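> kindly return the folded structure for what I paste below:
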Amino acid sequence: MLKDINFDNHDIFKLAICPSYDGLDTIYDVILLNETDEKIEQVMVSCSGHGEVLGQEKNTAIMRVMVGDLPAFSFVGIESIIGETVDLRNDFFICGFYEGRLKDKLIRIYIRDLLENDLKEIPLIDRKGWLV
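Prediction:
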């Protein structure tokens, strides 16, 4: 099994963080993108938040999302970050099979570090956001 894991740095997994506003709070939608011209198979994402809020250590439960197959040039919503979880470091561990090999990637996001000036249009999802 170890021969099937590719430990090379790769960029097949990308997340878009897209803000929306419900009148009171900003909601940050986390969207997994497949911008390649091939399907990524058996995709699974584990999400968790860690950090300090108002001087207290906080950790969220680990959420696992079984995406399944992600067709070429497609996307899927993973979760929405809102409330005090915006202040946490949000970790996304993504894995799936691409070109017959298991690929994985850990993406760490600090929402508070994303700058409004860095928002850009993401054509695949037709929304503004940050690409990480």
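> tell me the spacing between the most centrally placed residue in the chain and residue 131.
Central residue of the chain (Cα atoms, centre = their mean): residue 15, 4.0 Å from the mean position. Applying Cβ to Cβ, to the nearest Å, the value for residue 15 to residue 131 is 8 Å. The way it works is simple: take the backbone N, C-alpha and C, and place the C-beta from them, glycine included.
> can you list residues touching both of those two?
When contacts are counted by Cβ atoms under 8 Å, 6 or more residues apart in numbering, residue 15 and residue 131 are jointly contacted by residue 33.
> show the contacting residues for the residue nearest to residue 21 when sequence neighbours are not counted.
In this structure, residue 21 finds its nearest non-sequential neighbour in residue 27, 7.3 Å apart by Cβ to Cβ, 6 or more residues apart in numbering. Taking Cβ under 8 Å, 6+ apart, we find residue 27 in contact with 19-21, 80-82.
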